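1. Take this sequence and fold it.
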Amino acid sequence: MKIKFFSFFFLVLILYAVITYAIYLKGKSCFRHDSPWLLLYGSCFFLLSAAFPLGRILERSGFSAIAVPFIWAGSFWFAAVVYLFLSILIIDLFRIGNALFPFFPSFLTADPERTRRVTAWVVCASVLMVIFAGYINARIPCLTTLHLTVHKRCGDLRSLHIVSVSDIHLGTIVGRARLEKIVERINGLDPDLVLLPGDLLDEDVTSLKREDLGEPFKHIRSRFGVFGVTGNHEYIGGVEKACAYLNSCQVMMLRDQVHKVDDLFCLVGREDRSSTHFASKKRKTLQELMKAVDTELPVIVMDHQPFHLDDVVRNQVDIQLSGHTHHGQMWPLNYITQGIFEISRGYMKKDQTHIYVSNGVGTWGPPVRIGNRPEIVEIFLHFE
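-> Residues are numbered from 1 along each chain as shown. Okay, the predicted model is just below:
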């Protein structure tokens, strides 16, 4: 399975190289061959393209202070690559259409070199504005409120107030100050239970621990506690270290475990599917975990990646909370997540099972969200 993962990673790297090179060639065509700016353009382009992986290497080598500007620059560059490439595709489609059925006005075709330069400036300015708007959007999470009914008793409780926050990606991009604001929003909702369905940390756990970025987790106030599960990024950064750190921050990590809370309801925390790829460890099936569950009580499952939702229904789960998808994070990547997952974001009810897939509250890669909002999910779970 590790071979499959690294093969996939290699293919993604090749695709990224091909796309960035295509963008580079388009940009280069806007310069004269003898232009003194051409060398500067090529140098800056190469540096931006290599900035993110270079920053991650520096971060893992203990040079966190030096790594930060590279990671930020490379993260924004990923967003720029997506929208520059889309712009090139759209412009080329128009050019092909004009070659077949000429419709460009004469002022565009009279001086092709000038037209290329003006088009390049317009495209770059538009991409910058889109990225800036997406950056502001990514920093302002919305509150999504659901009222759901479970036809079971929960002791004397008539309802349970849950706050769920997934995909924080705490690290260089989403730092301590952002986490403090998220914790403040959670506490302002006065929840009975706080659930964190995976990808709480970003890749490098060592630098995160060194700066104790997760300390604000300790200040979450909740009647029944704070519980989390692993996501794929906990595995990328080293799952044992990540979970140990989160447990030290008073987040109880459930790893293929069942936890009965005050004989009122059952929490089932599933290990992330990445355990197979990164640790050669096969996670337990939901059927195996449910053997330890009292299904007379309300059953809440956290599973980071929302695959195989029919299994959840068959095993009499009342509510499953997931994340992972980010709903593509940037349009039009949401069409990919919609093709991969039965539900890419939002609420779905299958038979008697409630399923919610969150956009997540943080970002990975580009600190940008376009076409969706980061969210904190508030659930009022009513019992009948």
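2. Setting aside sequence neighbours, what's the nearest residue to L179?
-> P216 (4.6 Å; C-beta to C-beta, 6 or more residues apart in numbering). Bear in mind the C-beta positions are built from the backbone N, C-alpha and C, glycine included.
3. Touching, that neighbour and A177? I think so.
-> No. Taking C-beta atoms under 8 Å as the definition, P216 is not a contact partner of A177, at 9.1 Å.
4. And the two? Which one has more around it.
-> When P216 and A177 are compared for neighbours, P216 comes out ahead with 20 against 9, by other C-beta atoms under 10 Å.
5. tell me which residues in whichever helix or strand A177 is part of are buried?
-> Per DSSP states H and E: A177 is located in helix 176-188. Within helix 176-188, the residues that qualify as buried are 178-179, 182-183, 185-186, counting by 16 or more other C-beta atoms under 10 Å.
6. out of these, who's nearest S274?
-> Of all the buried residues of helix 176-188, S274 sits closest to L179, with 22.7 Å by C-beta to C-beta.
7. In contact with the closest one, which residues?
-> Listed by C-beta atoms under 8 Å, 6 or more residues apart in numbering, the contact set of L179 reads 168, 170, 213-214, 216-217.
8. Now distance to I300 and pLDDT too, for the buried residues of helix 176-188, in a markdown table please.
-> Output for the buried residues of helix 176-188, formatted as a markdown table (distance: C-beta to C-beta, whole Å; pLDDT from 0 to 100):
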| residue | distance to I300 | pLDDT |
| --- | --- | --- |
| R178 | 27 | 96 |
| L179 | 24 | 97 |
| I182 | 21 | 97 |
| V183 | 21 | 97 |
| R185 | 21 | 97 |
| I186 | 17 | 97 |
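9. And these, which is closest to F265?
-> Using C-beta to C-beta, I186 comes nearest to F265 of the buried residues of helix 176-188, at 19.5 Å.
10. thought that closest one was touching I168?
-> No. Applying C-beta under 8 Å, one finds I186 not in contact with I168, separated by 11.2 Å.
11. The buried residues of helix 176-188: which two are farthest apart?
-> That would be R178 and I186, which, of the buried residues of helix 176-188, are the farthest apart (C-beta to C-beta) at 12.9 Å.
12. quick one: the strands in the stretch 201-350 of the chain?
-> Using DSSP state E, counting those that start in this stretch, the strands of the stretch 201-350 of the chain run over residues 226-228, 252-253, 257-261, 265-269, 299-302, 319-322, 346-350.
13. nearest to F85, of the buried residues of helix 176-188?
-> R178 (28.7 Å).
14. Break the protein into its domains for me.
-> Domain assignment for the chain by automatic domain parsing gives 2-137, 141-383.
15. Quick check: nearest residue in space to D262, chain neighbours excluded?
-> Nearest non-adjacent residue to D262 (C-beta to C-beta, 6+ apart): F224, at 6.9 Å.
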